[in-house]
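Participant: this one's sequence-less:
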């Protein structure tokens with residue numbers, strides 16, 4: 001009898017050479033949307049149309065370079081506040097802290113809408129170099145941590161790691177601030193190897209952790225009086241003895257530990273980081289051959305992140321059909337993509353709705369689930385989150401409809417841009433929208449028929465039969481709301 005063989009989920013060719021449009025692999029709406037759904041949080045129709053006029057490889061280079069060169073968000077006035085800058089009254093102080101945190105979350109949400117890849121990368125690194133605001137509380141530390149995510153989003157990974165390890169949010173979250181020569185704390189040393197650079201049990205021993213913790217000691221310069229301020233290095237708390245790490249022995253300190261990771265374990269670091277980047281931006285079902293090639297690019301470029309992202313996003317592998325629609329984004333990314341693709345205005349109230357709603361369903365900005373971050377992809381979908389995700393799309397449309405005086409012209413403009421504006425055939429409109437919004441369309445005609453039925457709603461059939469109906473009809477925007485409500489509830493809509 002024949003054995004059942006399970007096909008791998010990822011059947012894209014392991015080809016990192018630049019994608020060249022051809023009749024077999026045309027540069028079309030589907031691929032341009034795929035690019036922007038992965039490099040940003042979707043994009044408006046004009047952005048997609050403009051992308052189609054450009055060479056994909058050059059477009060990717062522009063997207064990455066612009067993101068890399070974008071300055072971080074302007075510091076708030078409280079960027080370096082310590083506890084003595086706040087009100088002496090506890091209630092007032094707590095209110096100030098909450099207000100500052102909320103305002104900075106709003107700033108990041110606005111940046112997500114406008115900054116594309118730079119803040120898409122910052123969100124990725126937030127889930128890699130995890131810290132939890134719940135533990136360190138100080139707004140200034142939150143800002144300084146976030147600043148590093150933006151500053152190094154596409155920069156040098158070595159520099160990024162070096163700065164991140166002495167960032168107050170990280171020192172407090174992983175107990176580095178408690179690590180002294182008198183009482184070593186291995187927490188940060190363990191996560192430095194296990195989560196931030198090498199991967200679990202990959203090229204280090206328990207003895208390496210013990211010795212690294214000794215080398216990383218001394219960052220203890222904080223008191224209750226200077227809470228939320230700078231955390232300085234205290235030489236007398238640093239372990240000044242010989243340490244052996246990765247088989248090398250010396251009187252190592254913080255900088256030497258960071259250097260040793262890259263000089264002694266470059267292959268492990270490069271493969272581990274490229275695997276995480278690939279799973280997040282390309283396909284959760286990882287192609288090991290592609291990882292090996294990306295890791296080599298990472299090492300050859302002295303651990304610069306941008307060349308790796310350019311190689312990923314401009315490759316034959318990335319643009320292959322098998323890579324389109326393979327990732328389930330987090331709730332925040334899910335909603336932002338809809339907002340951007342419908343070209344709905346950046347609105348603070350709506351952004352807060354997304355933040356607080358996502359917070360309820362385990363995507364809390366500045367508070368990932370645990371030190372290993374949000375699990376991502378399929379973990380975003382549960383019996384509780386699925387209704388939240390499709391009701392959220394409906395609530396977003398309803399909100400804009402109400403604040404715009406019972407109008408939502410953006411939906412009509414979107415539909416008009418996809419078809420001949422004078423078309424009186426609702427099936428043409430529905431099919432065009434389904435094929436645009438769903439990365440791989442629907443799999444059966446029955447699904448398209450069901451979408452058409454929803455779209456026709458209560459409109460008398462004779463309006464369609466006589467050709468009286470078109471997208472300029474008074475109730476067309478309400479029909480579009482119903483269609484998007486239907487699409488939002490489909491499994492295919494969860495994929496990007």
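Facilitator: Nice, thanks for sending it over. The structure presented is a predicted model; accordingly, all values stated were derived computationally and were not measured.
Participant: quick one: contacts for residue 461?
Facilitator: By CB atoms under 8 Å, 6 or more residues apart in numbering, no residues touch residue 461. (Glycine included, C-beta is placed from N, CA and C.)
Participant: quick one: it from residue 366, how far?
Facilitator: Distance, residue 461 to residue 366, using CB to CB, to the nearest Å: 52 Å.
Participant: Then residue 419?
Facilitator: 42 Å.
Participant: same deal with residue 389?
Facilitator: Per CB to CB, residue 389 is found 21 Å from residue 366.
Participant: cool, residue 198 as well?
Facilitator: 26 Å.
Participant: Point out where this structure drops to low pLDDT.
Facilitator: Low-confidence segments of the chain (pLDDT under 70): 1-9.
Participant: Please enumerate the helices of the stretch 351-496 of the chain.
Facilitator: 385-403, 409-418, 426-437, 445-456, 461-465, 476-488 (DSSP state H, counting those that start in this stretch).
Participant: I should have written the stretch 101-250 of the chain there, sorry.
Facilitator: 117-126, 133-136, 139-151, 157-165, 168-173, 187-191, 206-215.
Participant: most packed of the ones you listed?
Facilitator: When you average the neighbours per residue for each of the helices of the stretch 101-250 of the chain (mean count of other CB atoms under 10 Å), helix 168-173 leads with a mean of 25.
Participant: Does residue 240 touch residue 181 like I think?
Facilitator: Yes - with contact defined as CB atoms under 8 Å, residue 240 reaches residue 181; the gap is 7.3 Å.
Participant: May I see the buried residues of stretch 77-95?
Facilitator: When burial is assessed from 16 or more other CB atoms under 10 Å, stretch 77-95 yields the following buried residues: 78, 81, 83, 86.
Participant: Endpoint to endpoint, that stretch covers what distance?
Facilitator: End-to-end distance for stretch 77-95, by CA to CA, to the nearest Å: 16 Å.
Participant: got the contact list for it?
Facilitator: Outside stretch 77-95, the residues touching it (CB under 8 Å, 6+ apart) are 96-97, 100, 138-140, 143-144, 224-230.
Participant: any chance you could map the strands in the chain?
Facilitator: Here the chain has its strands, by DSSP state E, at 243-245, 248-250.
Participant: could you dump the ones you listed to JSON lines with distance to residue 322 and mean neighbour count?
Facilitator: Shown next, in JSON lines, are the strands of the chain (distance: least, CB to CB, whole Å; neighbours: other CB atoms under 10 Å):
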{"stretch": "strand 243-245", "distance to residue 322": "42", "mean neighbour count": "20"}
{"stretch": "strand 248-250", "distance to residue 322": "43", "mean neighbour count": "12"}
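Participant: could I get those as TSV with distance to residue 287?
Facilitator: As requested, these are arranged in TSV below (distance: least, CB to CB, whole Å):
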stretch	distance to residue 287
strand 243-245	32
strand 248-250	33
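Participant: For residue 190, find the nearest of the ones you listed.
Facilitator: Of all the strands of the chain, strand 243-245 sits nearest to residue 190, with 13.2 Å by CB to CB.
Participant: Tell me the strands beside the closest one, with direction?
Facilitator: strand 248-250 (antiparallel) (DSSP bridges).
Participant: got a list of contacts for the strand it pairs with?
Facilitator: 242, 243, 256, 260, 264.
Participant: Would you indicate which residues of stretch 314-329 are buried?
Facilitator: 314-320, 323-329.
Participant: right, I mislabeled it, should have said stretch 440-452
Facilitator: So for stretch 440-452, counting by 16+ other CB under 10 Å, buried means 442, 447, 448, 451, 452.
Participant: so the last one sits right up against residue 427, yeah?
Facilitator: Yes - Residue 452 is within contact range of residue 427, at 5.5 Å (criterion: CB under 8 Å).
Participant: What residues does residue 203 make contact with?
Facilitator: Applying CB under 8 Å, 6+ apart, the residues near residue 203 are 193, 246, 265, 268.
Participant: rewinding a little: can the buried residues of stretch 440-452 go into CSV with extra columns for distance to residue 32?
Facilitator: Formatted as CSV, these follow (distance: CB to CB, whole Å):
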residue, distance to residue 32
442, 20
447, 24
448, 23
451, 23
452, 26
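Participant: re the thing from before, just the contacts of stretch 77-95 now: which is nearest residue 287?
Facilitator: Closest approach to residue 287 among these (CB to CB): residue 144, at 36.6 Å.
Participant: Distance check, the closest one against residue 446.
Facilitator: For residue 144, the distance to residue 446 equals 54 Å [CB to CB].
Participant: Please identify the buried residues of stretch 104-117?
Facilitator: Across stretch 104-117, burial judged by 16+ other CB under 10 Å covers 104, 105, 107, 108, 109, 110, 111, 112, 113, 115, 116, 117.
Participant: Likewise for stretch 173-186?
Facilitator: 173, 174, 176, 177, 178, 179, 180, 184, 185, 186.
Participant: Could you export these as TSV, including distance to residue 296?
Facilitator: Output for the buried residues of stretch 173-186, formatted as TSV (distance: CB to CB, whole Å):
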residue	distance to residue 296
173	33
174	31
176	32
177	37
178	39
179	35
180	40
184	36
185	36
186	32
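Participant: closest to residue 293 among the residues you listed?
Facilitator: Of those, the one sitting nearest to residue 293 (CB to CB) turns out to be residue 174, at 32.4 Å.
Participant: show me what contacts the closest residue to that closest one other than its chain neighbours?
Facilitator: Distances taken as CB to CB, 6 or more residues apart in numbering place residue 188 nearest to residue 174, at 4.1 Å, with adjacent residues excluded. By CB under 8 Å, 6+ apart, the contact set of residue 188 is 165, 170, 171, 174, 175, 176, 179, 213, 216.
Participant: that older thread, looking at neighbours, which among the contacts of strand 248-250 is most surrounded?
Facilitator: residue 243 (23 neighbours; other CB atoms under 10 Å).
Participant: distance of that one from residue 22?
Facilitator: From residue 243 to residue 22 the distance is 56 Å (CB to CB).
Participant: Residue 141 is in contact with residue 100, correct?
Facilitator: No - the pair residue 100 and residue 141 does not pass the contact test of CB under 8 Å, sitting 11.3 Å apart.
Participant: Spit out the contact partners of residue 202.
Facilitator: 268, 272.
Participant: try 6 Å
Facilitator: Contact analysis of residue 202 by CB atoms under 6 Å, 6 or more residues apart in numbering lists residue 268.
Participant: what does residue 485 give?
Facilitator: residue 394.
Participant: any idea how far residue 457 is from it?
Facilitator: 11 Å.
Participant: One more: residue 171?
Facilitator: Distance, residue 171 to residue 457, using CB to CB: 57 Å.
Participant: For the nearest residue to residue 232 once chain neighbours are set aside, give its distance to residue 294.
Facilitator: Distance criterion CB to CB, 6+ apart; nearest residue to residue 232, sequence neighbours excluded, is residue 221 at 3.1 Å. Shown here: residue 221 relative to residue 294, a distance of 39 Å by CB to CB.
Participant: what do you get for residue 70?
Facilitator: Between residue 70 and residue 294 the computed distance is 23 Å (CB to CB).
Participant: neighbour-wise, which of these two wins?
Facilitator: Between residue 70 and residue 294, counting by other CB under 10 Å, residue 294 is the more crowded of the two (27 against 18).
Participant: The more buried one: what's it in contact with?
Facilitator: Residue 294 is in contact with 274, 308, counting by CB under 6 Å, 6+ apart.
Participant: Fine by me, thanks again.
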